[in-house]
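Undergrad: the following block contains a protein sequence and its predicted model.
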Amino acid sequence: MKRLTLLLFLLPTLNFAQTSITPLDCIEPFYHNVASGDPLSDRVIIWTRVTPDDFTLPVNVDYAVALDTGMTNIVAQGSISTDALVDYTVKVDVTGLEPQTYYYYEFKALGNFSPRGRTKTAPLETSTIDSLRFAVVSCANLEAGYFNAYEALAERNDVEAILMLGDYIYEYEEGGYAPNSNVDRVFDPTHEILTLNDYRLRYSVYHMDQALQKLHQNFPWICVWDDHESANDSYEDGAENHNVGEGQWADRKLASQMAFFEWLPIRPKSTSNLEIFRKFNYGNLLDLIMVDTRLHGREEQGVNQSDPDRTLLGDDQYEWLEDELLNSTATWKVLGNQVVFAPIEVFGTPINNDAWDGYPAERQNLLDFVVQNNIDNFTVLTGDIHTSWAFNLENGAANVGIEFVTPSITSPGLPINAGPLLQIENPHIKYVDLVNHGFIILDINSQRIQSDWYFVNTLDAIDASYSWGKSLYSNDGAMNLQETTIVSTASSAYDIDLAPQCPRSTLGTEEQYIGLIGIYPNPVSDELTVHFAWSNHGQHVVEILDLNGKILQKEAVNTIALNSANKTLDVSMLNAGVYLLRIWDSKGNVVSSKFVKQ
């Protein structure tokens, strides 16, 4: 979210960016690895994506879930088919599992095993839980730096799950937002993404980042979108970064939502329901309530701000949220939310109308509801603004809740130290850091809830080192943040083996390879976008052949600096029918697949 930077200090954003992405050859045809998410006490979503030999045919995929890395003690297994209608993604809701249990899982397709993944179910709602830990992340701009925070979290291996509060991807064109000249990764496609195929390709590139893969492979994720999964400063009926020349907003929004559900391990409410607000229970200790402050009901920013009926959540989601808070019997009621809940003012004026500050009546209604219904331990988690904050949430003279804001993975913050000024203007701000990038470890027990901020040392090189920044906590029933120098620590229950990097049938990586990751769209009418990756730098040749082997089209692609790219081919002059796409590299490696011309 760029608005805070623009409105608060009227300064240009920092220039950050990223590096080349090299998929592991040992995981072919599962170049995007595996993932899991939305854990319940008896089930969890497992996910992968298959790169097929033929993009015109469905692929049958087997899956298995076991209690051991050797996949010998299998507790669930089955088969599922995938095809181009879902971009060859695979999502299985595995049921019949035991609560609060680690599992390993794998897929098999086209004669190959996927890497094994590791996941964990939630406890029973009736369970007495002593403590819980989560990682909280947001705002990963591919062109702004290496995803070192993801690697650091995977190596820590000390949380139940990853809470992704949005901006998993960014929609901009190459160089469109905070590129970092110190790293060599760029967006694919290189234009701003608008269509379903555009969004799919952007997720495809993100999912080949090895740090992101490792974190997905070993922990269940609980995800919500923010604005950049669709377009900057989006709301239900539009976005700041969308104009009439880019088509209908409804079409773009639907495309972004479909790609999100295809490419992330999120449980749909039904096959046609793209709502993301939902609740996760962790025994008697925690109710985690995830909301959508972007695409469901939100009215346009900066319009009729004083209207008492103005809504951020929409009436139905707001009523659902009140019901979940009212009916919760857990000690801690935690709201997983995208935008800053607490007010932030400079000289008495709110500075970010994209946050809850732009919807003050609805915020006040929710705070009044918390007070009137004696709801204890109301805690808000937030992403979006690329910086670190902690707030007491006030209702008049009394504190009624707290808020923790996680820093960005890579997206730019502010290059100046304005924290002291902000805290003078806003005494309910108990901590602010506007510069660093990293993550939060949220540690919860029956006595207190604590947020530990950790910051990576660099975005400019692959380096998972990091340092502790700050810790604040609130005791049960107090709703008043206090600083501590005692960092929370994990119990030995988290000391469980990570999943191996490569599949169990593969001993190591090959030195040379080329992989065809995707063909968009297929069938095609006019322009065919080819996404491929390789280990050998140099020149690649992309060819289109008829089924008799005659070369109809041939183009060279210079791939000296990168490890993946997309090439758009004009196929409008081809007759309707089936054709062969073939890619060669300078070492003689070749990959091919069929596509259909309409």
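TA: Looks like it came in fine. On a predicted model such as this, the values are computed, not experimentally measured, just so you know. Residues are numbered from 1 along each chain as shown.

Undergrad: which parts of the helix ranked longest in the chain are buried?
TA: Ranked by number of residues, the top helix in the chain under DSSP state H is helix 249-263. Within helix 249-263, the residues that qualify as buried by neighbour count (16 or more other CB atoms under 10 Å) are 249, 252, 253, 255, 256, 257, 258, 259, 260, 261, 262, 263. Using the backbone N, CA and C atoms, a C-beta is placed for each residue, glycine as well.

Undergrad: any residues touching the next helix or strand after that helix, and which ones?
TA: In the C-terminal direction, the helix or strand that comes right after helix 249-263 (DSSP states H and E) is strand 278-282. Residues outside strand 278-282 that contact it (CB atoms under 8 Å, 6 or more residues apart in numbering) are 38-41, 122-123, 125, 129, 132, 160, 222, 267, 269, 287-290, 324, 330.

Undergrad: give me the buried entries from those residues.
TA: Buried among the contacts of strand 278-282 (16+ other CB under 10 Å): 38-41, 122-123, 129, 132, 160, 222, 267, 287-290, 324, 330.

Undergrad: in helices, which of those residues appear?
TA: Per DSSP H, the buried ones among the contacts of strand 278-282 map to helices at residue 324.

Undergrad: which of the buried ones among the contacts of strand 278-282 fall in strands?
TA: Counted as lying in strands by DSSP state E, out of the buried ones among the contacts of strand 278-282, are 132, 222, 287, 288, 289, 290.

Undergrad: looking at strand pairing, list the partners for the fifth one.
TA: Which is residue 289. residue 279, residue 335 (DSSP bridges).

Undergrad: now do the same for it: its pLDDT.
TA: Here, the pLDDT recorded for residue 289 equals 99.

Undergrad: the second one now?
TA: Note for residue 222: predicted pLDDT of 99.

Undergrad: with residue 18 instead?
TA: What the model reports as pLDDT for residue 18 is 34.

Undergrad: for residue 467, list each beta-bridge partner.
TA: In this entry, residue 467 is beta-bridged to residue 455, by DSSP bridges.

Undergrad: for this protein, give me the ranges with low pLDDT.
TA: Scanning the chain for pLDDT under 70 picks out 1-20, 506-513, 534-538, 559-564, 586-588.

Undergrad: show me the domain layout of it.
TA: Using automatic domain parsing, the domain parsing of the chain gives 3-17+120-494, 515-597.

Undergrad: end-to-end on the shortest one?
TA: Spelled out, that is domain 515-597. Length of domain 515-597, first residue to last, CA to CA, to the nearest Å: 22 Å.

Undergrad: again, but for stretch 239-251
TA: Stretch 239-251: ends 13 Å apart by CA to CA.

Undergrad: do stretch 53-73 as well
TA: Start to finish, the residues bounding stretch 53-73 are 31 Å apart (CA to CA).

Undergrad: quick one: distance of it to the chain centre.
TA: On the basis of CA atoms, centre = their mean, to the nearest Å, stretch 53-73 sits 23 Å off its chain's mean C-alpha point.

Undergrad: buried residues in that stretch?
TA: Going by 16+ other CB under 10 Å, stretch 53-73 has these buried residues: 55, 59, 61, 63, 64, 65, 66, 69, 71.

Undergrad: so which of those residues are in strands?
TA: Counting by DSSP E, the part of the buried residues of stretch 53-73 found in strands is 59, 61, 63, 64, 65, 66.

Undergrad: what bridges to the fourth one?
TA: Right, the one you point to is residue 64. When bridges are called by DSSP bridges, residue 64 pairs up with residue 77, residue 106.

Undergrad: got a list of what residue 159 touches?
TA: The contact partners of residue 159, taken as CB under 8 Å, 6+ apart, are 133, 134, 135, 153, 219, 441, 490, 494.

Undergrad: not counting sequence-adjacent ones, nearest residue to the fourth one?
TA: The shortest distance from residue 153 to any residue other than its chain neighbours is 5.0 Å, reached at residue 135 (CB to CB, 6 or more residues apart in numbering).

Undergrad: that neighbour touches residue 443, doesn't it?
TA: No: Residue 135 is beyond contact range of residue 443, at 10.7 Å (criterion: CB atoms under 8 Å).

Undergrad: residues in contact with residue 115?
TA: 27, 30, 33, 34, 106, 217, 499, 500, 501, 502, 503.

Undergrad: now, which of those lie within strands?
TA: 34, 106.

Undergrad: tell me the one of the contacts of residue 115 nearest residue 470?
TA: residue 217 (29.6 Å; CB to CB).

Undergrad: let me see the contact set for the closest one.
TA: By CB under 8 Å, 6+ apart, the contact set of residue 217 is 33, 34, 35, 115, 116, 117, 118, 498, 499.

Undergrad: show me which of the residues you listed are buried.
TA: Buried among those (16+ other CB under 10 Å): 33, 34, 35, 115, 116, 117, 118, 499.

Undergrad: now, among those residues, which is nearest to residue 381?
TA: Each of the buried ones among the contacts of residue 217 was checked against residue 381 using CB to CB; the closest is residue 35, at 20.9 Å.

Undergrad: residue contacts, the residue nearest to the closest one when sequence neighbours are not counted?
TA: Once flanking residues are discounted, residue 35 sits nearest to residue 216: 3.8 Å by CB to CB, 6+ apart. By CB under 8 Å, 6+ apart, the contact set of residue 216 is 33, 34, 35, 36, 117, 207, 265.

Undergrad: again, but for residue 410
TA: By CB under 8 Å, 6+ apart, the residues touching residue 410 are 16, 18, 139-142, 144-147, 149, 437, 459.

Undergrad: among these, which are in helices?
TA: Using DSSP H, these in helices are residue 149.

Undergrad: as JSON lines, the contacts of residue 410 with neighbour count would be great.
TA: As requested, these are arranged in JSON lines below (neighbours: other CB atoms under 10 Å):
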{"residue": "16", "neighbour count": "26"}
{"residue": "18", "neighbour count": "25"}
{"residue": "139", "neighbour count": "28"}
{"residue": "140", "neighbour count": "27"}
{"residue": "141", "neighbour count": "27"}
{"residue": "142", "neighbour count": "29"}
{"residue": "144", "neighbour count": "29"}
{"residue": "145", "neighbour count": "30"}
{"residue": "146", "neighbour count": "28"}
{"residue": "147", "neighbour count": "31"}
{"residue": "149", "neighbour count": "28"}
{"residue": "437", "neighbour count": "29"}
{"residue": "459", "neighbour count": "27"}
